[in-house]
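> Okay, structure incoming, though there's no sequence with it:
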């Protein structure tokens, strides 16, 4: 009886000790990771995330500006046999370029409600855009991406054949969607950017999420920073 009593007291004493080493280092007594642990993880992915943020803030616009202005000469192939600059001969030219190219935020579209038609009594579903989170992309096996939009600009220019040119008309601008761009998790274009562990839990995301990778077809993919020579 005395042995059993000692064991029970020992177990009670160890159970009440608040300094028990945790088996899962990511969690503590409060079941929420500490901010210091999160900062350490963010430092691991900082080269990836900061590089992608630089692309969003600076690199994209520099790339668009490097494309420059392109031209197309307006000629009648049934009359004009030569191609190129002819001294003293006027020509009409179209100049075109890109402006205001931006990468948006990941969104998803869902149908809601109906609108009755004017005379046929039909119904058309309306589209509502909502935020798309990385967790949903993993579960649905889709890409975590955002649309790339921009303006296609063009203008007609008149040349007199002696090096002088003048714009004939104003600049025309047309908004275009250029497709989808994969978004790096935890970057500025990600909905999880700047979220605290508590906010991540509310979004059903990992509270220790530190990003630095892409999600393609539901699979996490990382771009290697180093190239190992063969």
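That came through, no problem. All figures in this text were calculated on a predicted structure; none of them were measured in a lab.

> show me where pLDDT drops low in the chain?
1-31, 75-90, 109-129, 161-163, 225-230 (pLDDT under 70).

> Strands of that one, start to end?
70-74, 91-103, 107-116, 123-131, 145-159, 165-167, 172-182, 214-216, 219-221 (DSSP state E).

> in the helix ranked longest in the chain, what counts as buried?
Secondary structure of the chain per DSSP state H: the longest helix is helix 35-54. Going by neighbour count (16 or more other CB atoms under 10 Å), the buried part of helix 35-54 is 37, 38, 41, 42, 45, 48, 49, 52, 53. Glycine gets a C-beta too; all of them are placed from N, C-alpha and C.

> got those as a markdown table, with distance to residue 177 columns?
Compiled in a markdown table, the buried residues of helix 35-54 are given as follows (distance: CB to CB, whole Å):
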| residue | distance to residue 177 |
| --- | --- |
| 37 | 40 |
| 38 | 36 |
| 41 | 35 |
| 42 | 33 |
| 45 | 30 |
| 48 | 27 |
| 49 | 26 |
| 52 | 21 |
| 53 | 23 |
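
> Could I get the contacting residues of the closest residue to residue 67 other than its chain neighbours?
Spatially, and ignoring its direct neighbours in sequence, residue 67 is nearest to residue 98 (6.3 Å; CB to CB, 6 or more residues apart in numbering). For residue 98, the contacting residues are 64, 67, 150, 151, 152, 153, by CB atoms under 8 Å, 6 or more residues apart in numbering.

> give me the beta-bridge partners of residue 98?
Here residue 98 sits in beta bridges with residue 152, going by DSSP bridges.

> Also the one 5 residues further on?
Here residue 103 shows beta-bridge partners residue 148, assigned using DSSP bridges.

> Looks like residue 217 contacts residue 145 (just checking).
No - contact criterion CB atoms under 8 Å: residue 217 and residue 145 do not qualify, at 11.1 Å.

> Show me which of these two is the more surrounded one.
Each of residue 217 and residue 145 has its neighbours counted (other CB atoms under 10 Å); residue 145 has more, 21 against 11.

> Excluding residues flanking it in the chain, which one is nearest that one?
Distances taken as CB to CB, 6+ apart put residue 180 closest to residue 145, at 4.1 Å, once the chain neighbours are dropped.

> hey, what's the one you found bridged with?
When assigned by DSSP bridges, residue 180 has beta-bridge partners residue 147.

> isn't it right next to residue 144, touching?
No - counting by CB under 8 Å, residue 180 stays clear of residue 144, with 9.9 Å between them.

> Which of those two has more residues huddled nearby?
The residue with more neighbours, out of residue 180 and residue 144, is residue 144; 26 against 15, by other CB under 10 Å.

> Could you count how many residues lie near residue 95?
Count around residue 95 with other CB under 10 Å applied: 16.

> Could you list which residues are in contact with it?
Here residue 95 is in contact with 69, 70, 71, 154, 155, 156, 157 (CB under 8 Å, 6+ apart).

> Buried ones among the residues you listed?
Using 16+ other CB under 10 Å, the buried ones in the contacts of residue 95 are 154, 155, 157.

> Nearest to residue 171 among the residues you listed?
residue 155 (4.8 Å; CB to CB).

> contacting residues for that closest one?
With contact taken as CB under 8 Å, 6+ apart, residue 155 is in contact with 94, 95, 96, 167, 169, 170, 171, 172.

> go on, residue 103?
56, 60, 146, 147, 148, 181, 183, 189.

> Please consider this matter closed, and thank you.
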